[in-house]
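Q: Got a predicted model here, sequence first, then my questions.
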Amino acid sequence: MSGDCMDYYRGTLRAVLAQLIKTGRVKHLADWCRQAGFPDSTVHNFLSGRTHSLTINTVASLARAVDLPVSAILGELAPRSDKERLILETYLATDDSGKQLLEALIDRERSRIGPR
């Protein structure tokens, strides 16, 4: 993977860690890693750029340790309900003209409800 991609994941992991500390779910990176079952050097080396990736098992262990989906650790949005999953699957299965129509509807709805 490119450096930009790994930088994104490093930044996301830092943001997740900061949020976990802010909410009191963990006190330090070492606590999170201990809960996940491996030394904090594993994640520290990734965050510092000394290693270039984390295994999916490491990411899954980090997620499990704080009861988050793996997608949250990776900084990706995942459907939270069957309805959200159906909407996403339908969008992905739709041809380009259908996608344009759905995007126009979404833009109209965003205009109606205003910024979040």
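A: The structure has been received and is ready for your questions.

Q: Y91 versus the closest residue to A60 other than its chain neighbours, what's the distance?
A: What sits nearest to A60 in space, not counting adjacent residues and going by CB to CB, 6 or more residues apart in numbering, is V70, at 5.6 Å. Backbone N, C-alpha and C define where each C-beta goes, glycine included. Counting by CB to CB, to the nearest Å, the separation of V70 from Y91 is 22 Å.

Q: Okay, and the residue of the chain positioned farthest from its centre sits in which element?
A: Distance from the C-alpha centroid of the chain peaks at S97, with 29.4 Å (CA atoms, centre = their mean). Using DSSP states H and E, the element containing S97 is helix 96-113.

Q: Now do that helix: distance to the chain's middle.
A: The chain centre lies 25 Å from the centre of helix 96-113; the measure is CA atoms, centre = their mean, to the nearest Å.

Q: what's it packed up against?
A: Helices and strands touching helix 96-113, as assessed by 3 or more CB pairs under 8 Å, 6 or more residues apart in numbering; DSSP states H and E, are absent.

Q: That's all I had, so thanks and see you.
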